[in-house]
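Q: Sequence below, structure please.
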Amino acid sequence: MAARGRCPECGSGSLVEDAHYAQQQLVCAACGCVLSEGLLTTTYTDEEHLREVAYSQSTGQKEQLSRCLQRGIRRVQDLCKVLQLPAVFEETAVSYFQRALQLPTFHLVSLEKKEVLGGCCVFVTCRQHNWPLTMGTVCSLLYAKQDLFASVYLSLQKELGLSVPALSLADLVTTHLNSFRLLQPTANVPAPFLEDREKLLARTMGIVELASEAWLVTGRHPVPVVTAAAFLAWQSLRPGPRLSCPLVRFCRLAGVDLPPPAHLRLKELLDILLGMASQLSWLRGFDLDKKRVVKHIGDLLQHRVFLLRRAFSQQHGEEQQDTGPGQGSSGQNPGCPSSPAVAQEQGCPWAGQRQRGRALRPLLPPCLLRPRKRPRAAAPSAPGPAPAGDEPISDSEIEQYLRSPEEVQALRRARAWL
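A: The predicted structure is shown next:
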C-alpha cells in the first residue's frame, strides 16, 4: 500500500506500509529505510495497564542471544554434564557466565579466555557448594594452562565480587585418592600393590594432618603434599614389597601426574618422621633411616601430638617436661644421673638423646629455617590508591587477623628464637 511523502534518506517517493510482527511500519521501497513503526506491548502487565512502546525499545529485539554467548552457555552445560553436577549447579554457572560477558573486562578477550571463563564459572559454583573440584581437573578438561585459568579466575572473582571458600584439605585428599588405579584391580598393577580405599584414605589423612601441624602445608601447593603423603601411607600399610618402589613408579601405577615439588615434600615429611621416631621409647634401640621409619608410621601417628612437642621445641633451650609413651613423668629415665656429663661418663643409654634434645630446632615453617640466599625480586606493579583505613574486609580475610592466646604465645616464642 503506497503512502504519501518522500524518504528522508534517498528522496524516493515510493513509500509502502508493511506489517512486521503484527505492527504497521512505513518503509521506503527503494532503500529500505524505516520511517515509522507501530506500537507494541512488552509484557502482559503492560497490556493490562495499556502501556505501549515502540518495537525498537521492546524486549523482542533482545530475545536473540549472540553466537558467542550461545556457544559459551553450551560449553558450560557440557562441562557440568561431564562432571555430573546437579542441575542447580548448572543454572548457577550459566548465570555467572552471562553476568561476566556483560562486563567490559570480558568483551574484547580472546576465544580461549572466553572458554576458560566458562570453566571458571563452573569451578566457582562447585567451590561455593562445597563440591570437591580442583583447578587441575577443569584445566585438563578444557586443555587450558593453569596460569591462564588462574588469571581469568581472579578477574572473575574480582569483577563479580564473588566470595569463594577455600577447598578443605580433607576434600582434596578424598578427591585426589579417588582417581588412583591402585584402589581397583587391573592388569597393570601387581597384586601386592593393591590397597583398600578406606585404609589408604585414613592413613593419608593422618599424614596430611601431621604435615599441616609441622608447617609443611602453609603457603604450599596442596597436591604435592597429598601425593607424598599418599605414597608414604601406601608404603606403610604393606612395607614388605613396597619399600623398594620409588615415588615415580608409584605415580605411574596410580595413573596420576608427579608434581615436581613432591620429592621435596617427601623429604620434609621423612625428616619430621625421623625426628618423631627418635622420641619414641621402643624405637630408640633401632638404627632408623628414611626407609625403615616408614614401617612405624602407624605408631608415630598414634602419638603424634606428644612426639611433635617432644621432638621439636617451640623455643630454643625449652625444657622437655611432657609425659609420653614409655617415659617417666619428668621426661627423665629412671637410673640416669641428672647431669648429662655424668650420665655420659657412666654410659647411660639415654645420655646422647638428652643432649640432642637441647639442640632441637623449633617447629617453624621451612622458609624461616632455610631462608633463600637471594630473595626474589618483586614484580613492578602500578601504584594503587593510598589506603584510607575504612576499606571493607571480607569474612574470609578477617579470620587471618584473629589469633587465639596459644597462637599469640607461640608467635612470641618464635620471634624470641629468631
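Q: hey, let's count contacts and neighbours off CA atoms from now on
A: Noted.
Q: Listing request: residues of the stretch 101-250 of the chain with sub-threshold pLDDT.
A: 167 (pLDDT under 70).
Q: just the strands in it please.
A: In the stretch 101-250 of the chain, no strands are found when defined by DSSP state E, counting those that start in this stretch.
Q: At which residues are the helices of it located?
A: For the stretch 101-250 of the chain, helices defined by DSSP state H, counting those that start in this stretch occupy the ranges 111-128, 135-142, 146-160, 169-178, 197-213, 222-237, 239-242, 247-254.
Q: quick one: buried residues of the shortest one?
A: Spelled out, it's helix 239-242. Across helix 239-242, burial judged by 16 or more other Cα atoms under 10 Å covers 239, 242.
Q: Can you dump the C-alpha atoms of that helix in PDB for me?
A: Taking C-alpha atoms only, helix 239-242 is exported to PDB below (Å, rounded to 0.1, in the frame of the first residue of the first chain):
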ATOM      1  CA  PRO A 239      56.100 -52.200  53.700                       C
ATOM      2  CA  GLY A 240      57.500 -55.600  52.600                       C
ATOM      3  CA  PRO A 241      57.000 -55.500  48.900                       C
ATOM      4  CA  ARG A 242      56.500 -51.700  48.600                       C
END
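Q: Off-centre distance for it?
A: Distance of helix 239-242 from its chain centroid, counting by Cα atoms, centre = their mean, to the nearest Å, is 32 Å.
Q: ok, and what's touching it?
A: Contact partners of helix 239-242, identified using Cα atoms under 8 Å, 6 or more residues apart in numbering, comprise 192, 193, 234, 235, 294, 295.
Q: And for the closest residue to the last one other than its chain neighbours, the neighbour number?
A: Nearest non-adjacent residue to residue 295, counting by Cα to Cα, 6 or more residues apart in numbering: residue 236, 5.3 Å away. Residue crowding around residue 236 was assessed by other Cα atoms under 10 Å; the count is 22.
Q: Spit out the contact partners of residue 236.
A: Contacts of residue 236 by Cα under 8 Å, 6+ apart are 294, 295, 296, 297, 298.
Q: gap between it and residue 242?
A: Separation of residue 236 from residue 242 (Cα to Cα, to the nearest Å) stands at 8 Å.
Q: what's the closest of the contacts of helix 239-242 to residue 312?
A: residue 294 (19.4 Å; Cα to Cα).
Q: Quick one: closest of the helices of the stretch 101-250 of the chain to residue 35.
A: helix 111-128 (38.6 Å).
Q: got the contact list for that closest one?
A: Helix 111-128 is contacted from outside by 72-73, 75-76, 79-80, 89-90, 92-94, 96-97, 106, 132-135, 138-139, 142, 144, 148-149, 152-153, 156, 163-167, using Cα under 8 Å, 6+ apart.
Q: Go again with 6 Å.
A: Here helix 111-128 makes contact (Cα atoms under 6 Å, 6 or more residues apart in numbering) with 76, 93, 96, 153, 164.
Q: can you put these in CSV and add neighbour count and distance to residue 203?
A: Listed next are the contacts of helix 111-128 as CSV, based on neighbours: other Cα atoms under 10 Å; distance: Cα to Cα, whole Å:
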residue, neighbour count, distance to residue 203
76, 23, 36
93, 25, 35
96, 21, 39
153, 20, 33
164, 16, 29
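Q: I'd like those residues laid out as CSV, including distance to residue 215.
A: Shown next, in CSV, are the contacts of helix 111-128 (distance: Cα to Cα, whole Å):
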residue, distance to residue 215
76, 38
93, 35
96, 36
153, 27
164, 24
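Q: low-confidence ranges in the stretch 301-418 of the chain?
A: Low-confidence segments of the stretch 301-418 of the chain (pLDDT under 70): 313-361, 372-384, 389, 395-402.
Q: Farthest pair within the contacts of helix 239-242?
A: Of all pairs drawn from those, the greatest distance, 16.9 Å, lies between 192 and 294 (Cα to Cα).
Q: Can you pick out the residue with more neighbours from the two?
A: Between residue 192 and residue 294, residue 294 has the larger neighbour count (other Cα under 10 Å), namely 23 against 11.
Q: Run through the residues that contact that one.
A: Contacts for residue 294 were tallied using Cα under 6 Å, 6+ apart; they are residue 236.
Q: if we go to 7 Å?
A: Going by Cα atoms under 7 Å, 6 or more residues apart in numbering, residue 294 touches 232, 236.
Q: Can you tell me how far it is from residue 366?
A: Counting by Cα to Cα, the gap from residue 294 to residue 366 is 22 Å.
Q: okay, the contacts of residue 236 in CSV with secondary structure, distance to residue 362 and pLDDT next?
A: Shown next, in CSV, are the contacts of residue 236 (DSSP: H, G, I helix; E, B strand; the rest coil; distance: Cα to Cα, whole Å; pLDDT from 0 to 100):
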residue, secondary structure, distance to residue 362, pLDDT
294, helix, 23, 89
295, helix, 26, 89
296, helix, 23, 89
297, helix, 22, 91
298, helix, 24, 90
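Q: need the residues you listed in a markdown table with distance to residue 404, can you?
A: Listed next are those as a markdown table, based on distance: Cα to Cα, whole Å:
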| residue | distance to residue 404 |
| --- | --- |
| 294 | 34 |
| 295 | 36 |
| 296 | 33 |
| 297 | 30 |
| 298 | 31 |
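Q: out of those, who's nearest residue 212?
A: Distances from residue 212 to the contacts of residue 236, taken by Cα to Cα, are shortest for residue 297, at 16.0 Å.
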